[in-house]
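[1] give me the fold of what follows.
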Amino acid sequence: MNGAGLHYSRYRAGDRDEWAMRIGSGPALLFLPPLFEEMNRTRALLACVRRALAARGFECWLPDLPGTGESERRLEHVAWQEWRDAAAAAFAAAGAIASVSLRGGALLDEAAPARWRFAPATGASLARDLARAGLMTEGGGGYAPAEALLEPLAAAEPPAGGKVRTVRLSTDRAEADLKLEGPPLWRRAEPQNSYELAEAMASDISQWMRS
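    Have a look, this model is predicted:
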């Protein structure tokens, strides 16, 4: 644990242990963050949302998927199915009652019976963004996903079924249960934050989970 009240736990993903960060106590929520560079750009936002939910009586888990964060795996050795399996394993390890996903994280939330999604993205749109930004080679930003990850990613859609609440920004024309004011931080050139957006997200998650 550190001074911010964060704890670190391991969860079993396949034949290896991976790390998960957790904060708070109470009903557990599994956070599934954006994928690739979008995760770095929204890291501060995710931290604020988790702290706000911890203050509202929830335990928030944020796992490192294989090949990301503190994982000992290299991304180019990871298959898409391993990410799906790891997300399900983290959900079970947390004893979570619901998932909270942002952008591409919604592609991995099938193990959750209740799913809160913010600006969910298709795998095809993420693959196009990676290619357009030149991030799919080691020289282009450190992302060199294997075909076993990239090909299924390009065909992936957020899983259907279950209890789902979809939230988007007010500037997004796609359908949603709620639209919030705020910036698309995953599009910014440098990591930024929005405390107002984080508070609005945490408030809606808390109200939805208690309804």
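[2] so where do the helices sit in this protein?
    For the chain, the helices defined by DSSP state H occupy 37-41, 43-55, 80-94, 123-133, 147-155, 195-210.
[3] check those for me: which has the lowest mean pLDDT.
    When these are ranked by mean pLDDT, helix 123-133 comes last with a mean of 89.
[4] mind giving me the packing neighbours of that helix?
    If you count contacts as 3 or more CB pairs under 8 Å, 6 or more residues apart in numbering; DSSP states H and E, helix 123-133 packs onto helix 147-155. Where C-beta positions appear, they are placed from N, C-alpha and C, glycine not excepted.
[5] what's in contact with the helix it packs on?
    35, 75, 78-81, 83, 107, 123-124, 126-127, 136, 145 (CB atoms under 8 Å, 6 or more residues apart in numbering).
[6] now that helix, how far from the centre of its chain.
    18 Å (CA atoms, centre = their mean, to the nearest Å).
[7] re earlier: in a markdown table, list the contacts of helix 147-155 along with neighbour count and distance to residue 54.
    Shown next, in a markdown table, are these (neighbours: other CB atoms under 10 Å; distance: CB to CB, whole Å):
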| residue | neighbour count | distance to residue 54 |
| --- | --- | --- |
| 35 | 26 | 24 |
| 75 | 18 | 30 |
| 78 | 20 | 30 |
| 79 | 18 | 33 |
| 80 | 22 | 31 |
| 81 | 12 | 32 |
| 83 | 24 | 26 |
| 107 | 25 | 26 |
| 123 | 20 | 31 |
| 124 | 13 | 35 |
| 126 | 21 | 29 |
| 127 | 20 | 34 |
| 136 | 16 | 35 |
| 145 | 22 | 32 |
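[8] quick one: closest of the helices of the chain to residue 9.
    helix 80-94 (7.2 Å; CB to CB).
[9] so for residue 61, which of the helices of the chain sits nearest?
    helix 80-94 (4.2 Å).
[10] quick one: that closest one to helix 147-155, angle?
    80 degrees (axes from the mean of the first three to the mean of the last three CA atoms, to 10 degrees).
[11] where's residue 75 relative to residue 68, distance?
    7 Å (CB to CB, to the nearest Å).
[12] go ahead and flag the most central residue of the protein.
    With distances taken as CA atoms, centre = their mean, the residue of the chain nearest its centroid is residue 33 (1.6 Å).
[13] identify the residues contacting that residue.
    Per CB under 8 Å, 6+ apart, neighbours of residue 33: 39, 42-43, 46, 62, 101-102, 105.
[14] mind redoing it with 10 Å?
    Contact analysis of residue 33 by CB atoms under 10 Å, 6 or more residues apart in numbering lists 39-40, 42-43, 45-46, 62-65, 68-69, 100-105, 108.
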